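Enquirer: Here is the input, now give the coordinates:
(2 chains)
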Amino acid sequence: MGKKISAAAQQKAAEELAEAMSSFDGVSADIDSRSSGTQVRHTVTATCTPESWRQLAEALASEYSVDYCSMITGIHWPEAADKSWEVVYHLMRTGVKDPAAIEGVVQPNITDAENLTGVDIPMEIQISIALPDTREPMVASVQDLWVGADWNEKETWDLVGIDFEGHEGMRRVLNPHETPVGYHPLQKQHKLRYHGFEEMYDDAQGFKRKPADAGKIK
Amino acid sequence: MAEMWISMGPQHPMTHGLWTLKVKVDGETVVDTEPDLGYIHRGVEKICEARDFTQITTYCDRLCYASANTWSHSYIYAAEDLLGVEVPERAEYIRLIAVELQRIASHLMWLGAYGPDIGNLSIMVWCLREREMMMDLLQELGGSRMHYNFPRIGGVKRDLPHGFSQRAQAKLKLFLNRIQEYEALFDESTVFLVRSQGVGYAKPEEMINHGVTGPNVRAAGVDYDVRWAHPYSVYSELDWQPSVERSSIKGADCYDRYRVRVEEMRMSASMVLQALVKMPGGSETYHEPGDPKILAKAPSRAPEGTYGSHHFEDSRGESMFYIAGGGEGRGKMPYRVSIRSPMFITIPYAAKCMIGYKVADIPAIMGSFDPCIGETDR
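Expert: Down below sits the predicted model:
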């Protein structure tokens, strides 16, 4: 049979991590149970205030072996009541260690998934940070803790316009370098459908299309 | 000697797509690198905000031409997490077959492109020959050869067609024999060994910190794989182990990354063969499209405040979608779709890996990480 992490140990690890995260000021964490297929897995979902984010991130990286930053998502909520920007972090605990070498020969790490316990169990963590209405939304950068966050932060600033305090070497990554300052295409004021009409989908055959000089005296 | 910046790309055989690698060289030695991406940024994330959940699948297919099925499945799992759909087990097995066949096809495309990168031209035609077999099988499932649009929210588009199981078994057995031919072509080619061994060392902990996963990290002697660490689908029902390579003490070099992908093709082929046998209802039965055995009913709207995400083992590492519900049309469209592309994170790391090596090693190192620019730029 394939590798299977024990369900009870996995749930216990998720609960422990959620409890530890909740002990921080301004952080509330909970566990979520998800199933895509035959196995249920528990993930940690948390909300955090922008002020306590840096402290939480440092603790996660140093004390709770969270070693991997998967993705950073920025969301613009111009019409929501409680926030106008949101940053969602997807972190993971992978449990990857450099394999040991015996007399110069590397011994591959083969995980005994059945018997994993505590902080060795892989875990998915989702942390969302709501930001108030401001012209310059900003959260603390975690580029130095997880280098994987580096290009994610660049992308979030480039596309959504959320800046990261302390990020070194911020620049455009997906948009052209000469993009005007302040133009971030995933902000909601830039619309794809104008007045609810999109030629390609709403009038695919072009029945409503008229010549440019229609209605004018010829 | 004075240092200088040279620009490789956007049109360069090393890039496997459209991007620029700026390299600072001191004579023949690489001193610093800086990747410049975004040449084919199409704004898929923005486009998805104006499409309903079914329409998005086709855009996800087009994220990566070499590995279309893994990307649409990656999206579908996130959408199912958002909409709260439970998928019938038979559909999960069919998805697993589609994804693993795609993984083989993707690795073959990589192997076929990596040979010419470092001076072994004949391998390309050999790999494309077997990729053709995988694409024939995938065509039977999805109906087209490149962008299959195969998974549906709640299941799959079609059941396995009549006779698929025999054809798949025959082709995979032939393929398993032919892997030895690639190994002979590569491992006995002095040019290949000299150019791939001892360059581009990467250590696992450093890779994980840089956000690099998938075959690239398994090449360095660790067995981290999303398929068992964050389980989804029916992988836990099959007998398999992630392919791990015994790297050198300095980490995985380009040769290890080639070896691990060859082993992974073997593992994927074995998984497909097992799934065909273990499938509930048997691989010979056929259900009409839309049958509840292969397609569960799914809601079409996601209210505001809901979100869904899913980590998925793509051919190149961990891919992921995060979807926030509650967009246009009272939740008919997503409010925000965010895509995690493994290569977007890996390319900057691969560029760092080159520092200290010679300019002639750049194609060998870059190619060994399996770059795909379609998903990188989205």
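Enquirer: show me the residues around the closest residue to chain B within chain A that make contact.
Expert: As assessed by CB to the nearest CB, chain B sits closest to A:Gly148 within chain A, at 2.5 Å. In this view, the C-beta of every residue, glycine as well, is placed from N, C-alpha and C. By CB atoms under 8 Å, 6 or more residues apart in numbering or on different chains, A:Gly148 lies in contact with A:68-70, B:209-212, B:345.
Enquirer: For A:Thr43, state which of those residues is nearest.
Expert: A:Ser70 (11.8 Å; CB to CB).
Enquirer: Just say helix, strand or coil for the closest one.
Expert: Secondary structure for A:Ser70, judged by DSSP: H, G, I helix; E, B strand; the rest coil, is strand.
Enquirer: Contacts only, for it.
Expert: Each residue near A:Ser70 by CB under 8 Å, 6+ apart is listed here: A:90-92, A:148, B:211, B:311, B:318, B:320, B:340.
Enquirer: Looking at those residues, spot the one nearest A:Leu174.
Expert: Closest to A:Leu174, out of all of the contacts of A:Ser70 and judged by CB to CB, is B:Arg340, at 13.7 Å.
Enquirer: how much space between that closest one and B:Arg95?
Expert: 20 Å (CB to CB, to the nearest Å).
Enquirer: Which helix or which strand is home to the closest residue to chain A within chain B?
Expert: Residue of chain B nearest chain A, by CB to the nearest CB: B:Gly211 (2.5 Å). For B:Gly211, there is no enclosing helix or strand under DSSP states H and E.
Enquirer: which one's the longest helix in the chain?
Expert: Using chain A. Taking DSSP state H as the criterion, chain A has its longest helix at helix A:7-22.
Enquirer: oops, chain B please
Expert: Ranked by number of residues, the top helix in chain B under DSSP H is helix B:89-117.
Enquirer: could you point out which element follows it?
Expert: helix B:122-142.
Enquirer: so, in contact with chain B or not, stretch A:13-31?
Expert: No. Looking at stretch A:13-31 against chain B by CB under 8 Å from any CB of the partner chain, there are no contacts, and the closest approach is 11.8 Å.
Enquirer: Excluding residues flanking it in the chain, which one is nearest B:Gln11?
Expert: Distances taken as CB to CB, 6 or more residues apart in numbering or on different chains place B:Leu18 nearest to B:Gln11, at 7.7 Å, with adjacent residues excluded.
Enquirer: what number of residues lie near the one you found?
Expert: Number of residues near B:Leu18 (other CB atoms under 10 Å in any protein chain shown) recorded here: 17.
Enquirer: mind listing what it touches?
Expert: B:9-11, B:39-40, B:373, B:377.
Enquirer: Under a three-state scheme, what state does it occupy?
Expert: coil.
Enquirer: Pull up the per-residue confidence for it.
Expert: On pLDDT, B:Leu18 comes in at 86.
Enquirer: just checking, A:Glu168 touches A:Ala149?
Expert: No. Using CB atoms under 8 Å as the test, A:Glu168 is too far from A:Ala149 to be in contact (11.9 Å).
Enquirer: what ranges do the strands span in chain A?
Expert: Shown for chain A, the strands assigned by DSSP state E span residues A:27-35, A:40-48, A:68-76, A:85-93, A:101-102, A:105-106, A:123-131, A:138-140, A:163-165.
Enquirer: Make JSON lines out of the ones you listed and add mean pLDDT.
Expert: Shown next, in JSON lines, are the strands of chain A (pLDDT from 0 to 100):
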{"stretch": "strand A:27-35", "mean pLDDT": "83"}
{"stretch": "strand A:40-48", "mean pLDDT": "88"}
{"stretch": "strand A:68-76", "mean pLDDT": "92"}
{"stretch": "strand A:85-93", "mean pLDDT": "92"}
{"stretch": "strand A:101-102", "mean pLDDT": "82"}
{"stretch": "strand A:105-106", "mean pLDDT": "80"}
{"stretch": "strand A:123-131", "mean pLDDT": "91"}
{"stretch": "strand A:138-140", "mean pLDDT": "91"}
{"stretch": "strand A:163-165", "mean pLDDT": "90"}
